[in-house]
Each structure stands twice: as C-alpha cells, then as structure tokens.
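Undergrad: I would like to see how this sequence folds:
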Amino acid sequence: MRNERGARELEAAGGRGALAPNGKPVESVWDFPRPPRVERADWRIRVVHAGHTVVDAPYAVRVLETSQAPAYYVSDEHVDRSCLAVTTRRTGCEWKGTATYADVVVGDRRAIGACWSYPDPAPEFAAVRDHWAFYAQALDECRVDDERVAPNDGDFYGGWITVNITGPFKGARGTLAW
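TA: Take a look at the predicted model:
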C-alpha cells in the first residue's frame, strides 16, 4: 500500500483481494490511483427514487480515485431521461473536465442535483461521455448487483460504498484536507 491510511480497515475486511460477502474482491480506496482510473464494471446498476426505476443498467463504468468510494457512471441509454431535469449548475474536475448536473424528478419528489455527467470529458476519461453518475445520498435506493449501497458521507463526493470497498473515505466533515 502506498501509505498506511486505511490499513486497519483493509485488514479487517480480510485483506487486499480477499472475497467480500458480495462475492467481489476487497479493495481499499487508498490503493486507488491519482489521477483516477476508469474501468468497466460488468455489474447491474440500479437507481430507484419515489418507487420509480430511474436506472437499470447491465454494466457501468466506474471511476476509482484515491480516498474516494467508486463513482459508477451509466450510459445514457440505461437512464430514464424523463426523470432528469438538467440544471445550470457546473463544476470543474482537474481530471475529467466540466460536469453538468440534473435533478431527479419523480412525480412531486425532486432530488436536487442528484446526478452529474461530463458531456465533453478530457480525452483520458472519454469512457464517461454520455454517462450519468448518481448521488446515493440524494436518492431512495442505489444498488450494485443486488447489494444496496451506502452513500459516501458529505455532499461533494458521489461514491457508492459496497461491502468490498474499505476506507476511510474522504467526504465526511474533517476529511476534505486529506
């Protein structure tokens, strides 16, 4: 491991590469690279809000960055776009470029800024073009395969925490300076 942060959590989960209860290898966010790595995940991704399935995708692209839980990006074709209300909010990522945001709206339930996309990402992140990522902390239910994910603490990072991912995770109060 490049540094000792997260060593205790990784060991408690069985160690690097051990199989977690969800059948996936144990991974520490402290082993993820900087700049981030993009990889395909052949796992079913689902997002449900107000009882409506907003996303049901047979695979995703996940972005892995040091200290952060994986962010799952699903192809536009697997998103019920009738539930997205694109906003004027924009943010910049030093690696991926400029993100655009959307609210997720189902009936009278609106999750403000619940998802984001990179319509024109940097060349190294072309795999996320025309894909959407969703904040688990803003929506009713997000799943990787059949596992309901835990949201990343805070309101900046949108990573999804599954039982095979170990922290500590950047995002909670007091961690932004890590």
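
Undergrad: can you pull up the most central residue in this structure?
TA: Central residue of the chain (Cα atoms, centre = their mean): Ala71, 2.0 Å from the mean position.

Undergrad: check contacts around that one.
TA: If a contact means Cβ atoms under 8 Å, 6 or more residues apart in numbering, then Ala71 has Arg62, Val63, Ala133, Tyr157, Gly158, Gly159, Trp160 as its contacts. (Glycine included, C-beta is placed from N, CA and C.)

Undergrad: kindly reformat those as JSON lines containing neighbour count.
TA: Converted to JSON lines, the contacts of Ala71 look like this (neighbours: other Cβ atoms under 10 Å):
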{"residue": "Arg62", "neighbour count": "24"}
{"residue": "Val63", "neighbour count": "26"}
{"residue": "Ala133", "neighbour count": "23"}
{"residue": "Tyr157", "neighbour count": "21"}
{"residue": "Gly158", "neighbour count": "26"}
{"residue": "Gly159", "neighbour count": "30"}
{"residue": "Trp160", "neighbour count": "26"}
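
Undergrad: adding secondary structure and distance to Val54, write those out as JSON lines.
TA: Shown next, in JSON lines, are these (DSSP: H, G, I helix; E, B strand; the rest coil; distance: Cβ to Cβ, whole Å):
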{"residue": "Arg62", "secondary structure": "strand", "distance to Val54": "18"}
{"residue": "Val63", "secondary structure": "strand", "distance to Val54": "20"}
{"residue": "Ala133", "secondary structure": "strand", "distance to Val54": "12"}
{"residue": "Tyr157", "secondary structure": "coil", "distance to Val54": "20"}
{"residue": "Gly158", "secondary structure": "coil", "distance to Val54": "15"}
{"residue": "Gly159", "secondary structure": "coil", "distance to Val54": "18"}
{"residue": "Trp160", "secondary structure": "strand", "distance to Val54": "15"}
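
Undergrad: CSV for those, including distance to Asp76?
TA: Listed next are the contacts of Ala71 as CSV, based on distance: Cβ to Cβ, whole Å:
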residue, distance to Asp76
Arg62, 17
Val63, 16
Ala133, 12
Tyr157, 22
Gly158, 17
Gly159, 21
Trp160, 19
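
Undergrad: of the residues you listed, closest to Phe32?
TA: Nearest to Phe32, judged by Cβ to Cβ, of those is Val63 at 9.1 Å.
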